[in-house]
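Provide a 3D model corresponding to the input given below.
(chains A and B)
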Amino acid sequence: MSFVSIFKNRTGIEKEIDSFLNLASESGLIFNQGIDAFLGNNIDAFSEHLSHVVETEKEADTLRLSIEDLLYRKTLIPESRGDVLELIERMDALLGRFKGVLFRIEIERPDIKPQFHDGLKNLSDCVIQAVESTTLSLRSYFKDISQATNHIHKIAFWETEADKASTSLQKAIFNNHELGLDLKMQLRDLVRSIDKIADHAEDLGDTLAIYVIKRSL
Amino acid sequence: MFLGWSLGANDASNVFGTAVGSRMLRFRTAAIICCIFVVLGAVISGAGASHTLGKLGAVNAVAGAFVVAFSAAISVYLMTLARYPVSTSQAIVGAIIGWNLFTGSPTDSNALSKIVITWIACPILSGIIAVISYKIISFFILKRKIHMFKLDEMTRYGLVLMGAFGAFALGANNIANVVGVFLPVSPFTEIELFGGFCVSPAQQLFFLGSLAIAVGVVTYSRRVMDTVGSGIFKLSPVMALVAVWAHSVVLFLFASQQLEQLLLDLGLPTLPLVPVSSSQAIVGAVVGMGLLKGRHNIRWRTVGGIAGSWITTPIFACLISFICLFILQNVFQQTVYLP
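Numbers count the residues shown, from 1 in each chain, chains lettered A, B, ... in the order given. Coordinates of the predicted model:
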């Protein structure tokens, strides 16, 4: 493989990783809009956001495969290749979780009472912030490794906030005597599945923290 | 030729071992670059270090020169089999001393002490250069916020450039080990090529020796490359680059007549032009950076093994040389020295 082709591959993969991270960031925003639309009983807008998330996830999948292909076929960054691959795959899994939660809502159409709306929006915001911090950490890992730790620290912060929001929301659900146990359990599962996204973001952040140490000069 | 082959098999690993070990360069690419630049370095700039070796002991019979080269080659070959990056310089010095002892010729203690001091100075100097260079490069990388893939690309270019420089310096400095002992008994005469370009007998010898080195690189250097590349301390690609740089600078410092002249012109103290060990230079650089990253990262067992082989190699070569000279003179009735 000539050096000219290595150079081309490298600019290509830099762009692809950037685009992939853009899609991850975008997915979070669409997810938030989807939750808002559902809580506002705007089902058409919700369906639109759902299909947008599905498209974004599909695009991210294609990019992930192309990144993997370039990394391995062209033997780029041999010492960090495995690490980068794992990070990209786990980020892609996070995107899948956004899609999964929206599909769950689409299938189950839970009856979410207005008194839970603020709690759910707050939880969703915390989760989005956690994922956004993960995206920023990953960007720093590639471009400016000295800044990565700052962003990783924020992932942990937003994950804790998401945990707090989730706990208080679940308490509120189970303390409500108007709801039947079936609905309570359905809502609890929904809240947990949203909170899980932040948990996974934190796990990714922990792994990234190790890779940052590995790469630190 | 055998010694040249052994040197190629062993010392090419010093130039490209870190690059191949960190998987930044393919073995084939590394071998091709190494071969070309070793030949160039030997022919263009090989004379400097040869003179000091000549002073140590003027082996004045072809059979004697053969034994000296053969003993050094056997020592290096055995160490290569054991995967240790040994010093061809040490082997040849040991073998020449064996010849001196056998023939009763005096060993120039001045030249010997000069050479032995560089054996100690070389890894230390290389380690210091590596640590300083690494500090500067990491500062630059962090300051300029270089993208991971851009850095990967720059490191690969750097490894090729530094590797070429290292191979050139290796050819220039270590060719003396391969053919230095044959210089006084060279059968070649000056050849005039087209355009009045003259190739001296020494350059013809250097060319032949460097070809043997090239064959050694291609056929047998892979194993020691693995030891240097990942055996002592797991190197990152940037560290690999710095290691090759430090190694090449040290070799160049001890081989360049032009640099010596420049220092003389500036009224500065000069470095002795002696064939230093490229193995010591690279191991010094790798250990230096390992220490920078924390002592516990270094496999001290491997370092101990390598350092041990540096002590045993010259003694071993001296012994083999002495025994072979005895056999050649008394069993095969060959003239191994002219009184």
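
quick one, longest helix in chain B?
helix B:109-144 (DSSP state H).

what is the neighbour count of residue B:320?
By other C-beta atoms under 10 Å in any protein chain shown, 23 other residues sit near residue B:320. Backbone N, C-alpha and C define where each C-beta goes, glycine included.

please identify the helix or strand for it.
helix B:300-330 (DSSP states H and E).

elements contacting that helix?
Counting contacts by 3 or more C-beta pairs under 8 Å, 6 or more residues apart in numbering or on different chains; DSSP states H and E, helix B:300-330 packs against helix B:62-81, helix B:88-103, helix B:278-292.

among those helices, which is nearest residue A:29?
helix B:278-292 (43.8 Å; C-beta to C-beta).

per-residue confidence at the most far-flung residue of chain B relative to its centre?
Here chain B reaches farthest from its C-alpha mean at residue B:145, the gap being 36.2 Å by C-alpha atoms, centre = their mean. Looking at residue B:145, its pLDDT reads 85.

do I have it right that it meets residue A:148?
No. Applying C-beta atoms under 8 Å, one finds residue B:145 not in contact with residue A:148, separated by 11.6 Å.

let me know the secondary structure of the nearest residue to residue B:63 once chain neighbours are set aside.
Once flanking residues are discounted, residue B:63 sits nearest to residue B:334: 4.1 Å by C-beta to C-beta, 6 or more residues apart in numbering or on different chains. Following DSSP: H, G, I helix; E, B strand; the rest coil, the label given to residue B:334 is coil.

what's the least confident helix or strand in chain B, going by average pLDDT?
Lowest on mean pLDDT, DSSP states H and E among the helices and strands of chain B sits helix B:47-56, with a mean of 61.

ok, back up a step: contacting residues for the residue farthest from the centre of chain B?
A:143, A:144 (C-beta atoms under 8 Å, 6 or more residues apart in numbering or on different chains).

residue B:135 too?
residue B:292.

for it, give me the pLDDT.
Note for residue B:135: predicted pLDDT of 93.

check which helix or strand the residue most central in space within chain A maps to.
Nearest to the geometric centre of chain A sits residue A:94, at 4.0 Å (C-alpha atoms, centre = their mean). Taking DSSP H and E as the criterion, residue A:94 maps to helix A:81-108.

what's the angle from the helix or strand just after that helix to helix A:81-108?
Scanning forward in sequence from helix A:81-108 by DSSP H and E, the next helix or strand is helix A:117-143. Per axes from the mean of the first three to the mean of the last three C-alpha atoms, to 10 degrees, the angle that helix A:117-143 makes with helix A:81-108 is 160 degrees.

close to chain B, is helix A:117-143?
Yes. Judged by C-beta under 8 Å from any C-beta of the partner chain, helix A:117-143 comes into contact with chain B through A:141, A:142, A:143.

my guess is the last one contacts residue B:147. True?
Yes. Using C-beta under 8 Å, residue A:143 is in contact with residue B:147, at 5.3 Å.

quick check: residue B:2 vs chain A, distance?
Using C-beta to the nearest C-beta, to the nearest Å, residue B:2 is found at 35 Å from chain A.

thought that residue was touching residue B:71?
No. Judged on C-beta under 8 Å, residue B:2 makes no contact with residue B:71 at a distance of 10.4 Å.

the more surrounded of these two?
Neighbours were counted for residue B:2 and for residue B:71 using other C-beta under 10 Å; residue B:71 has more, 28 against 17.

so what pLDDT did the more buried one get?
Reported pLDDT for residue B:71: 86.

surely it and residue B:95 touch.
Yes. Counting by C-beta under 8 Å, residue B:71 touches residue B:95, with 4.2 Å between them.

other SSEs contacting the one helix or strand residue A:201 maps to?
Of the helices and strands defined by DSSP H and E, residue A:201 is found in helix A:181-215. Applying 3+ C-beta pairs under 8 Å, 6+ apart, one finds that helix A:181-215 makes contact with helix A:81-108, helix A:117-143, helix A:145-175.

just the buried residues of the helix or strand bottoming out on mean pLDDT in chain A, please?
None of the helices or strands of chain A scores lower by mean pLDDT, DSSP H and E than helix A:3-39, at a mean of 84. For helix A:3-39, the neighbour count (16 or more other C-beta atoms under 10 Å in any protein chain shown) marks A:6, A:9-10, A:13-14, A:16-17, A:20-39 as buried.

and the helix or strand that that helix is followed by, anywhere near chain B?
Downstream of helix A:3-39, the next assigned helix or strand under DSSP H and E is helix A:43-73. No. Using C-beta under 8 Å from any C-beta, we find that helix A:43-73 stays clear of chain B, coming within 9.7 Å at best.

what's the spacing between helix A:43-73 and its chain's center?
Helix A:43-73 sits 12 Å away from the centroid of its parent chain (C-alpha atoms, centre = their mean, to the nearest Å).

which regions of chain A lie under the pLDDT threshold?
A:1-11, A:217 (pLDDT under 70).

follow-up on the earlier one: out of the helices and strands packed on helix B:300-330, which is closest to residue B:172?
helix B:278-292 (10.9 Å).

residue of the stretch 51-200 of chain B nearest chain A, please.
residue B:138 (3.6 Å; C-beta to the nearest C-beta).

what's the spacing between that residue and residue A:150?
Remark: distance between residue B:138 and residue A:150 (C-beta to C-beta, to the nearest Å) = 19 Å.

those two: who's more crowded?
Neighbour totals were compared for residue B:138 and residue A:150, and residue B:138 leads with 16 against 12 (other C-beta under 10 Å).

pLDDT weak spots in chain B?
Those would be B:46-60, B:85, B:180-181, B:183-188, B:193-197, B:223-224, B:226-234, B:336-337, B:339, if you go by pLDDT under 70 across chain B.

buried residues in stretch A:183-200?
A:183, A:186, A:187, A:190, A:191, A:194, A:195, A:196, A:197, A:198, A:199, A:200.

ditto for stretch B:24-43
B:24-25, B:29-31, B:33-43.

re earlier: next, format the helices and strands packed on helix B:300-330 as JSON lines and append distance to residue B:211.
JSON lines is the format used below for the helices and strands packed on helix B:300-330 (distance: least, C-beta to C-beta, whole Å):
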{"stretch": "helix B:62-81", "distance to residue B:211": "15"}
{"stretch": "helix B:88-103", "distance to residue B:211": "16"}
{"stretch": "helix B:278-292", "distance to residue B:211": "18"}
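
near chain A, which residues of chain B are found?
Selection of chain B residues close to chain A by C-beta under 8 Å from any C-beta yields B:22-24, B:138, B:141-142, B:145, B:147-150, B:152-153, B:156-157, B:236-238.

returning to that earlier point: my read: the residue nearest to residue B:63 touches residue B:65, true?
No. Using C-beta under 8 Å, residue B:334 makes no contact with residue B:65, being 11.5 Å away.

pick out whichever of these two has more residues nearby.
residue B:65 (24 against 16).

do you know how far the more buried one is from residue B:170?
Per C-beta to C-beta, residue B:65 is found 22 Å from residue B:170.
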